[in-house]
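**Student:** give me coordinates for this.
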Amino acid sequence: MADMAARDVLIVEEDRKLREVLHQVFLSVGYNCLLAGDGHEGLEVFRRSHPALIVSDLNLPVMSGMELRQDVRRCRHEDRDRVPEAGRARLPHETDKRRRAADGRRSSARAPPAHHRASPGPG
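**Tutor:** Residues are numbered from 1 along each chain as shown. Predicted coordinates:
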């Protein structure tokens, strides 16, 4: 029988709804899911289970995703083992750029000139 930990994915996400969506996606393709709501909890789950993959938000409460990553690497280095990492974050400057772009599109939208507007049909 194959090592069950090879099919484990640890999902570390504070947003309960997003955590559940990720859970369902990984379940649908045959992975066992381990869930954590913050970095500290994620590290504890990692130490107990040694999953094959970690998917983590980088902006987490208690312990950031970057701190989690460093601690996981430290643990893996001691075990001479590696774990693939995937992270997600919306950095403040990216959010601001998207917001400005969206505001720019909204502010430049104008009603068409009166002569281009559809006139009511015969009534």
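**Student:** where along the chain do the helices fall?
**Tutor:** Applying DSSP state H to the chain gives helices spanning 16-28, 39-49, 65-79, 92-108.
**Student:** weakest of those in terms of mean pLDDT?
**Tutor:** Note on the helices of the chain: helix 92-108 shows the lowest mean pLDDT, a mean of 53.
**Student:** skipping its backbone neighbours, what lies nearest residue 37 in space?
**Tutor:** residue 14 (5.5 Å; Cβ to Cβ, 6 or more residues apart in numbering). Where C-beta positions appear, they are placed from N, C-alpha and C, glycine not excepted.
**Student:** contacts only, for the one you found.
**Tutor:** 37, 38, 57, 60, 61 (Cβ atoms under 8 Å, 6 or more residues apart in numbering).
**Student:** using JSON lines, lay out these together with neighbour count.
**Tutor:** Shown next, in JSON lines, are those (neighbours: other Cβ atoms under 10 Å):
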{"residue": "37", "neighbour count": "18"}
{"residue": "38", "neighbour count": "18"}
{"residue": "57", "neighbour count": "25"}
{"residue": "60", "neighbour count": "23"}
{"residue": "61", "neighbour count": "12"}
